[in-house]
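Q: Sequence isn't available, so here's the structure alone:
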DNA sequence: ATACCTGCAAAGGCTTTGCGGTTCG
DNA sequence: CGAACCGCAAAGCCTTTGCAGGTAT
């Protein structure tokens, strides 16, 4: 949609400003991250990029997501499982996490929590709520004898 | 304090019930985890255990924290940085996390969030709030020119 | 006595890095 | 053209695992 277009343009502008080159791989990684709503792992992004650029390397994807993180356009999330997942959704949102397979889904809640600007000496800058549970697929699989 | 005593006894009872042996290393790891309020990494626990049992191996600490997690006596937390941290605080509590150094502090909030038992097909089992910010130490260091 | 556990070392993932060649601006 | 970037392969963590000897019950 329009939204993604504008975010891509924003990304390109930001790259120009910082003297970062606009390479096809870079754009592809960000585009894929914008499209995915399932917080892909680097490996998953890599597989997706490979469909478009078969010779891309995993290292490039790692380097790109790190760049995106530094630009504030993506966030690394890491809860269950061994590999980090990335998220380009910059709306204020929260996560529903499957404790079995590590799947993550975005959730939105009207309720806002009021966090003081300063807490125990920390300068706070935001919060996020993680709701833990079992995803539909894992619920089904985990159905034991009875 | 008393509290820790009883938690240790609870741990020992639970081990007996499950046929797990009560070894000095195991007890030491749990005791250290109970005492620490800074969510140590496995490496940090290991260093601490080594003071008491110099020949302990890192693998044992890894195995023990996993056992504790399966027993529901410790939780793995993993946000910033590369290594997982462990927490034996089983109260309902939340985390204040330094985005620079990864330090974690427990926080308690009166406000409860009401989470439906089922959410987008997930069977929910709990939630936690992460507040992000800069810890006092990092705030000081990060003080730039002005 | 025996099932479980430990220490050691090796193997296994995920992630980062060094290098030479390539590409964007 | 030059700086930045890419692909490849190797190296670097953190974590797990196999095995032989040791320990709790």
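A: That came in fine, so what should we check first? Here the structure is a predicted model, which is why all the values come from computation and not from measurement.

Q: Show me which strand runs longest in chain A.
A: Once chain A is assigned using DSSP state E, the strand that runs over the most residues is strand A:122-134.

Q: That strand pairs with which strands, and in what direction?
A: strand A:94-98 (parallel), strand A:118-119 (antiparallel), strand B:122-134 (antiparallel) (DSSP bridges).

Q: buried ones in that strand?
A: Using 16 or more other C-beta atoms under 10 Å in any protein chain shown as the test for burial, strand A:122-134 gives A:122, A:124, A:127-134. All C-beta atoms are positioned from the backbone trio N, CA, C, and that covers glycine.

Q: Same check on stretch A:76-90?
A: For stretch A:76-90, burial by neighbour count (16+ other C-beta under 10 Å) applies to A:76-81, A:84-88.

Q: Report the two of these separated the most.
A: A:80 and A:88 (20.5 Å; C-beta to C-beta).

Q: The closest residue to residue A:58 other than its chain neighbours: how many residues sit nearby?
A: Sequence neighbours aside, residue A:46 is the residue nearest to residue A:58 in space, at 5.1 Å (criterion: C-beta to C-beta, 6 or more residues apart in numbering or on different chains). By other C-beta atoms under 10 Å in any protein chain shown, 20 other residues sit near residue A:46.

Q: same check, this time on residue A:65
A: A count of nearby residues for residue A:65, using other C-beta under 10 Å, gives 26.

Q: so the residue nearest to it when sequence neighbours are not counted is in which element?
A: In space, and not counting its chain neighbours, residue A:65 is closest to residue A:86: 5.2 Å by C-beta to C-beta, 6+ apart. Taking DSSP states H and E as the criterion, residue A:86 maps to strand A:85-87.

Q: swap in residue A:7?
A: helix A:2-18.

Q: Give me the mean pLDDT for that helix.
A: For helix A:2-18, the mean per-residue pLDDT is 90.

Q: contacting residues around the nearest residue to residue A:52 once chain neighbours are set aside?
A: In space, and not counting its chain neighbours, residue A:52 is closest to residue A:28: 5.6 Å by C-beta to C-beta, 6+ apart. Shown in contact with residue A:28 (C-beta atoms under 8 Å, 6 or more residues apart in numbering or on different chains): A:49, A:52-53, A:56.

Q: Ok, residue A:126 next?
A: By C-beta under 8 Å, 6+ apart, the neighbours of residue A:126 are A:92, A:115, B:131-133.

Q: and with 10 Å instead?
A: Residue A:126 makes contact with A:92, A:115, B:99, B:130-133 under the criterion C-beta atoms under 10 Å, 6 or more residues apart in numbering or on different chains.

Q: Show the pLDDT at residue A:107.
A: What the model reports as pLDDT for residue A:107 is 92.

Q: Let me know how buried it is, in neighbour terms.
A: The local packing of residue A:107 (other C-beta under 10 Å) involves 16 other residues.

Q: one step back: and the helix or strand just after the helix holding residue A:7, what's buried?
A: The helix or strand immediately downstream of helix A:2-18 is helix A:24-35, counting by DSSP H and E. Using 16+ other C-beta under 10 Å as the test for burial, helix A:24-35 gives A:25-34.

Q: Sounds good, over and out.
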